[in-house]
Structures are given as structure tokens and as C-alpha cells.
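# Pasted the sequence and its predicted model underneath.
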Amino acid sequence: MLTIERLSKTYKTGDTALSEVSLTVPKGQIMGLIGPSGAGKSTLIRCINRLVQPTAGRILLSDMDIVSLGKSDLRRQRRRIGMIFQEYALVERLTVMENVLSGRLGYVPFWRSFLRKYPASDIQRAYQLLDRVGLMEHADKRADALSGGQRQRVGIARALAQDPELLLVDEPTASLDPKTSRQIMRLLTEICVERGLPAIVNIHDVPLAQQFMQRIVGLRAGRVVFDGSPDLLTEDA
Ligand code: ADP
Ligand code: ADP
């Protein structure tokens, strides 16, 4: 479970991106984050993965306070949060399998004989994940040989290879066509429910959010202006 308490961020420039945002995301819940450009969505995601240091407030993942982690703890704990990106962020010249395995390490080595470095149990698990995202027969292809939808499936499998306790998903379908977008959102939501994994999805496509998210949080000017079921979302939220 993720608990955010009165989280605020004011950048050095004086821009206040978040003002006392409080949220709880329980296990298995997939929460869509919407709002106009500049609302603070990216800042919220970056505070949770600590690319940005909040000005005030607390972020608790289970009982760990992310805001107060020191550098070495942060490195050790990063694996607990899985990231999925708009442009997939795969290593294009590595294989699908190698990309998935890199999730275990939390960094991406570039040498080729890379599979040998992993215990058999990691490799077996990576195959299970590839099977789950429907890419088993593509395991040995290079990432740059895949379509956008397939790449995002690799991105999902890589994030899951970390055994994360939380998924942060940044506009996962922004580079995909509508049909592929729906397939990816369906896969993501099913996986979160199966694993009891909480997820926050920065999603600019409101109809897609309404179709797939269990809950929507609307941000505007750094504040929560809507928090509820997608059915309750109105035009001006
Ligand atoms: P969104 O993701 O909803 O578009 P952002 O979190 O990117 O919103 O931005 C929220 C506010 O914070 C905006 O006013 C933006 O200009 C400001 N902001 C974002 N990143 C930075 C930064 N690195 N330095 C200064 N201001 C920033
Ligand atoms: P996004 O598309 O994710 O909302 P933006 O295009 O708003 O991102 O911002 C791109 C980059 O510029 C981000 O790294 C963000 O932190 C930074 N940024 C945004 N607004 C500002 C700002 N006012 N001052 C400095 N950096 C900013």
C-alpha cells in the first residue's frame, strides 16, 4: 500500500507543483492520474520514485518513508518501485529476454554474454513473465525488431521482474494506436489485480482512463480536485 500525506513540492524557481496532496493507494488498485499540463502529475510521480525531493510531506510504501531515505538506502530500495515509460526505455540492441532480466539488476549492462550472469531461477521467472505478457516466442529477438505494443509488453515484464510493491506508469500508451492502447491497458489492469499490485498511471487519455482505471485522481495546479470512481468524473473535473 502507498500512502501520501500532505505532499508539497516547490521548485527552486518558485513554481509550486504540488500543494498538500494526500492519497492512499491500496493493494491491487490501479489509479489513473489526470489533469491539464502543469497540474503536477509528473512531479508527483517523480517524488514517489525520488527523482525529485519533496519540499514537505510523507510518502509511505508499506512502512518505508520514501521522503527521508538517504542515498544508499534509496539505491537499495529502488527495486521496490517498478517504472513503465511512455517511450518504453528499452535497450534497443539487447534481446527481449535481456531487457526483462535487466529489471532484476536495476541497471542495464551492455555486454552481450549477459544471460550467463543470471541465476537459472531469474531466467525461468523471466520466461514466465514473457509468457504472461504474450511474448514467449519473441524472447530472443532484439528489442528494436518489435512493434510499439510489443515493446511496451517488454516494459511491463521488465518492471515485474523487479518484484515491485508499486508500479508507476507514465503515459504508457501515448505512443500507441487506440486498439493497442486498449490491449496494453487491459494487460496492465489484469496484472495489477492478479498480483495485488498498486499502480499509479499518468494517463492523459480520459476515455481510456474511464474505461480501465478503478479510480481516478484529478490534479489541477498541484491540488487534488477529483478523487473517485471514473463514472463520477464530469467534464469540468
Ligand atoms: P504535469 O506533469 O501535470 O504537466 P509537472 O509536474 O510537469 O506537471 O509541472 C507542474 C509545475 O511544476 C509546472 O508549473 C511546471 O512548470 C513546474 N515544474 C516542473 N518541473 C520543474 C522543474 N524541474 N523546475 C521548475 N519547475 C518545474
Ligand atoms: P511532461 O511532458 O512530462 O509534462 P514537460 O514537457 O512539462 O514534461 O517538462 C519536460 C522537462 O522539463 C521535465 O523534466 C520537467 O521537470 C522540466 N520542466 C518543466 N517545467 C519546468 C520549469 N518551469 N522549469 C524548469 N524545468 C521545467
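Perfect, thanks for sending it. Given the structure is predicted, the values throughout are model-derived calculations rather than measurements. Ligands and ions are numbered 1, 2, ... in the order given.
# For the protein, what lies in contact range of ligand 1?
Within reach of ligand 1 by Cβ under 6 Å from any ligand atom, the chain has these residues: Tyr11, Thr13, Asp15, Ala17, Gly35, Ser37, Gly38, Ala39, Gly40, Lys41, Ser42, Thr43. Where you see a C-beta, it was placed from the backbone N, CA and C, and this is true even at glycine.
# can you pull out the strands in this protein?
Secondary structure of the chain, counting by DSSP state E: strands at 2-10, 16-25, 30-34, 56-61, 64-65, 81-84, 166-170, 199-202, 215-220, 223-228.
# how much distance is there from the fifth one to the middle of the chain?
Between the mean C-alpha point of strand 64-65 and the mean C-alpha point of its chain there is a distance of 18 Å (Cα atoms, centre = their mean, to the nearest Å).
# If you count contacts, what does it end up packed against?
Contact partners of strand 64-65 among helices and strands, from 3 or more Cβ pairs under 8 Å, 6 or more residues apart in numbering; DSSP states H and E: none.
# Just give the strands next to that strand in its sheet, each with its orientation.
strand 56-61 (antiparallel) (DSSP bridges).
# any idea of the angle the top helix by length along the chain forms with strand 30-34?
When the chain is parsed with DSSP state H, its longest helix is helix 178-195. Orientation of helix 178-195 against strand 30-34 (axes from the mean of the first three to the mean of the last three Cα atoms, to 10 degrees) gives an angle of 140 degrees.
# coming back round to it: with mean pLDDT and distance to ligand 2 added, can I get the strands of the chain in a markdown table?
Formatted as a markdown table, the strands of the chain follow (pLDDT from 0 to 100; distance: least, Cβ to the nearest ligand atom, whole Å):
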| stretch | mean pLDDT | distance to ligand 2 |
| --- | --- | --- |
| strand 2-10 | 97 | 11 |
| strand 16-25 | 97 | 8 |
| strand 30-34 | 96 | 12 |
| strand 56-61 | 96 | 18 |
| strand 64-65 | 92 | 23 |
| strand 81-84 | 93 | 13 |
| strand 166-170 | 95 | 7 |
| strand 199-202 | 96 | 8 |
| strand 215-220 | 96 | 12 |
| strand 223-228 | 96 | 17 |
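# Tabulate those (JSON lines), appending mean neighbour count.
Shown next, in JSON lines, are these (neighbours: other Cβ atoms under 10 Å):
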{"stretch": "strand 2-10", "mean neighbour count": "19"}
{"stretch": "strand 16-25", "mean neighbour count": "19"}
{"stretch": "strand 30-34", "mean neighbour count": "25"}
{"stretch": "strand 56-61", "mean neighbour count": "18"}
{"stretch": "strand 64-65", "mean neighbour count": "13"}
{"stretch": "strand 81-84", "mean neighbour count": "22"}
{"stretch": "strand 166-170", "mean neighbour count": "24"}
{"stretch": "strand 199-202", "mean neighbour count": "25"}
{"stretch": "strand 215-220", "mean neighbour count": "20"}
{"stretch": "strand 223-228", "mean neighbour count": "15"}
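# Relative to Thr234, which of the ones you listed is closest?
strand 223-228 (8.5 Å; Cβ to Cβ).
# shaky segments in the chain?
Filtered on pLDDT under 70, the chain yields the residue ranges 105-117, 235-237.
# okay, now the residue of the chain found nearest ligand 2: neighbour count?
Relative to ligand 2, the nearest point of the chain is Ser42 (4.1 Å; Cβ to the nearest ligand atom). When counting by other Cβ atoms under 10 Å, one arrives at 17 neighbours for Ser42.
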